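Undergrad: can't give you the sequence, but here's the structure:
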């Protein structure tokens, strides 16, 4: 008991108690800060769940609230299987959207507007002009140049062209010169019909081919370039509506493309293992008969363009709510 009467020891106990209280206060402040951060970042459904018994009426199954006791009482712990809401918020912050403003590259059109087609055509042109450098927030790569890892061409039968060919390391230039001529929307199915024109494309690739073009047997491997000009393209995009965290989005179901070409020039290097005279005469023959060749390859090229358009639209529609395309969406 003598040590408890010691003034220095009692003073040490007093300081220790003060330090203990301060540590407890700091711990409480940190816990509160984390709680408020989680509260303000949570969705309205999550906040409502916290006030209830841990189950959100009518909410998707992926939103589950588990209550775990701790020293400060029950604190809700939110489990999101996909964390869709946070992902969507992050995307729109990157786009400068903030859920209440139109994304900077969007022009909202309304079904009730008699000039809807004009507005929609301008809106699609704005998108094309804005995504030429890509949209990293949506995973859209730059359109110029646009890179395609591989294109396979398998054209058999008795037609003018019979080829087994592949193009790798494909680079397409000129897509940013696309002019949108018209964009119409079916208000019942929300299918998009878009007519566009591309003055000129330049396609560079490494090719491998074996087959026949018209009456000419052909074989080769090396660098190639193609320059189609005056492309008139009509795309039909079938869409459905989907809901994610109470927000409506378009979903691409199918893309069909039809096109015509005003002119086509191309060059295949290293044909016939580098026999220069035969290579030159074959390229001249191909360019002289480009219409037959383009017609035979049209189904394959249409599918390639459709895949390209579908990839870009899927990423765009996946990240931007449908109301920013059509404001009075029902």
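TA: Good, I have the coordinates. Keep in mind it's a predicted model, so treat the numbers as computed, not measured.
Undergrad: residues near the closest residue to residue 269 other than its chain neighbours, how many?
TA: Counting by CB to CB, 6 or more residues apart in numbering, residue 269 lies nearest to residue 222, which is 4.3 Å off, once chain neighbours are set aside. Glycine gets a C-beta too; all of them are placed from N, C-alpha and C. By other CB atoms under 10 Å, the residues close to residue 222 number 15.
Undergrad: just residue 111 next, same as before
TA: Neighbours of residue 111 using other CB under 10 Å come to 12.
Undergrad: my guess is it meets residue 188, correct?
TA: No: with contact defined as CB atoms under 8 Å, residue 111 does not count as touching residue 188 (10.9 Å).
Undergrad: Poorly predicted segments of this protein, please.
TA: 1-104, 157 (pLDDT under 70).
Undergrad: Please spell out which residues along stretch 187-196 are buried.
TA: Across stretch 187-196, burial judged by 16 or more other CB atoms under 10 Å covers 190, 191, 192, 194, 196.
Undergrad: ugh, wrong one, I meant stretch 257-271
TA: So stretch 257-271, judged by 16+ other CB under 10 Å, has buried residues 257, 259, 261, 264, 266, 268, 271.
Undergrad: and those residues, which of them are in helices?
TA: Taking DSSP state H, every one of the buried residues of stretch 257-271 sits outside helices.
Undergrad: which one among the residues you listed gets closest to residue 232?
TA: Checking the buried residues of stretch 257-271 against residue 232 with CB to CB, the nearest one is residue 259 at 6.3 Å.
Undergrad: Out of the buried residues of stretch 257-271, which two sit at the greatest distance?
TA: 257 and 271, at 29.7 Å, using CB to CB across the buried residues of stretch 257-271.
Undergrad: wait, which of the buried residues of stretch 187-196 is closest to residue 330?
TA: Distance to residue 330 across these (CB to CB) is lowest for residue 190, with 10.1 Å.
Undergrad: Contacts only, for that closest one.
TA: For residue 190, the contacting residues are 239, 240, 241, 250, 326, by CB atoms under 8 Å, 6 or more residues apart in numbering.
Undergrad: Can you report how many residues lie near the nearest residue in space to the fourth one that is not next to it in sequence?
TA: Counting by CB to CB, 6+ apart, residue 317 is the residue found nearest to residue 250 once chain neighbours are left out, at 4.1 Å. Residue crowding around residue 317 was assessed by other CB under 10 Å; the count is 19.
Undergrad: quick one: secondary structure of residue 317?
TA: helix (DSSP: H, G, I helix; E, B strand; the rest coil).
Undergrad: can you give me the helices in the stretch 101-250 of the chain?
TA: Applying DSSP state H, counting those that start in this stretch to the stretch 101-250 of the chain gives helices spanning 116-130.
Undergrad: tally of neighbours for residue 234?
TA: Residue 234: 15 neighbours (other CB under 10 Å).
Undergrad: beta partners of residue 261?
TA: Residue 261 has these beta-bridge partners by DSSP bridges: residue 231.
Undergrad: got a list of what it touches?
TA: Contacts for residue 261 (CB under 8 Å, 6+ apart) come out as 228, 229, 230, 231, 294.
Undergrad: quick one: it and residue 225, what's the gap?
TA: Remark: distance between residue 261 and residue 225 (CB to CB, to the nearest Å) = 15 Å.
Undergrad: List just the nearest of the contacts of residue 190 to residue 133.
TA: residue 250 (23.2 Å).
Undergrad: Near the closest one, how many other residues are there?
TA: With other CB under 10 Å as criterion, residue 250 counts 23.
Undergrad: related to what we said a few turns ago, please identify which of the buried residues of stretch 187-196 is nearest to residue 245.
TA: Distances from residue 245 to those, taken by CB to CB, are shortest for residue 190, at 20.3 Å.
Undergrad: Torsion angles phi and psi at the closest one?
TA: Listed backbone geometry of residue 190 is phi 60, psi 30, with angles given as degrees, to the nearest 10.
Undergrad: Check residue 325 too.
TA: phi -100, psi -50.
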